[in-house]
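[1] any chance you can model this:
(2 chains)
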Amino acid sequence: EDKVVQSPLSLVVHEGDTVTLNCSYEVTNFRSLLWYKQEKKAPTFLFMLTSSGIEKKSGRLSSILDKKELFSILNITATQTGDSAVYLCAVFQGGSEKLVFGKGTKLTVNP
Amino acid sequence: ETGVTQSPTHLIKTRGQQVTLRCSSQSGHNTVSWYQQALGQGPQFIFQYYREEENGRGNFPPRFSGLQFPNYSSELNVNALELDDSALYLCASSLGGLAVNEQFFGPGTRLTVL
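    Below is the predicted model:
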């Protein structure tokens, strides 16, 4: 059965801390891995990763994919209260053309 | 360029009733995917429509059905509602084809079944 597992499920940090969110997957016909941020309703796109070892960066956020070990990490440096959200990892599966999501990591950043 | 929109925002129904949820895709996108997100869970794939044809389906019973119109907007219909159907229903639009393209999500419809 295809699955995406995220850890930790929840995390509480203080402003300024650095966090690492983990995502492992077992999905047949892997095409890409995506990270989304969900604050209230609509998940908003962060990154799409297709190649191993190439880091993608956007401001304080960065992500990398390891296709051999089947995992990805999302790093957030110098966290701010506005980073508080659920971070979703999803794998795009070819053939079915669907995203397989993990349960998400709920990040809370306290001032 | 307009984003993905969904209606209604919230809906309350009772068991056994039927519901129709609507989604307008982002301008230029021809593919709509529907997801169900229960509280505390990640979104689960229901089905996808590409150029008005169903293009993939998840593990949902036949009482979940859909349509895509020539303007690429889409409807999700759920018959014989059950309590477990209470969830946030998300639609996502993308540009279909063989290439992987990111999916843009709408704000969702919160369905409560009493």
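
[2] all contacts plus neighbour counts: C-alpha atoms, from now on.
    Will do.

[3] mean confidence score for the helix or strand encompassing B:Leu67?
    In this assignment (DSSP states H and E), B:Leu67 forms part of strand B:64-68. In this model, strand B:64-68 has an average pLDDT of 96.

[4] list phi and psi for B:Pro107.
    As for B:Pro107, its main-chain torsions (degrees, to the nearest 10) stand at phi -70, psi -10.

[5] for burial, what's the neighbour tally of it?
    Neighbourhood size, B:Pro107 [other C-alpha atoms under 10 Å in any protein chain shown]: 22.

[6] tally of neighbours for the nearest residue to it once chain neighbours are set aside?
    Spatial nearest neighbour of B:Pro107, excluding adjacent residues (C-alpha to C-alpha, 6 or more residues apart in numbering or on different chains): A:Ala42 at 4.3 Å. Number of residues near A:Ala42 (other C-alpha under 10 Å) recorded here: 21.

[7] test my guess that A:Ala42 contacts B:Gly106.
    Yes. Using C-alpha atoms under 8 Å, A:Ala42 makes contact with B:Gly106 at a distance of 5.5 Å.

[8] helices or strands next to the strand or helix carrying A:Arg31 in the packing?
    When elements are assigned from DSSP H and E, A:Arg31 belongs to strand A:30-38. On a contact count with 3 or more C-alpha pairs under 8 Å, 6 or more residues apart in numbering or on different chains; DSSP states H and E, strand A:30-38 meets strand A:44-49, strand A:85-93.

[9] and it, which residues are buried?
    Using 16 or more other C-alpha atoms under 10 Å in any protein chain shown as the test for burial, strand A:30-38 gives A:Phe30, A:Arg31, A:Ser32, A:Leu33, A:Leu34, A:Trp35, A:Tyr36, A:Lys37, A:Gln38.

[10] which pLDDT value goes with the third one?
    The reference is to A:Ser32. So, for A:Ser32, pLDDT stands at 92.
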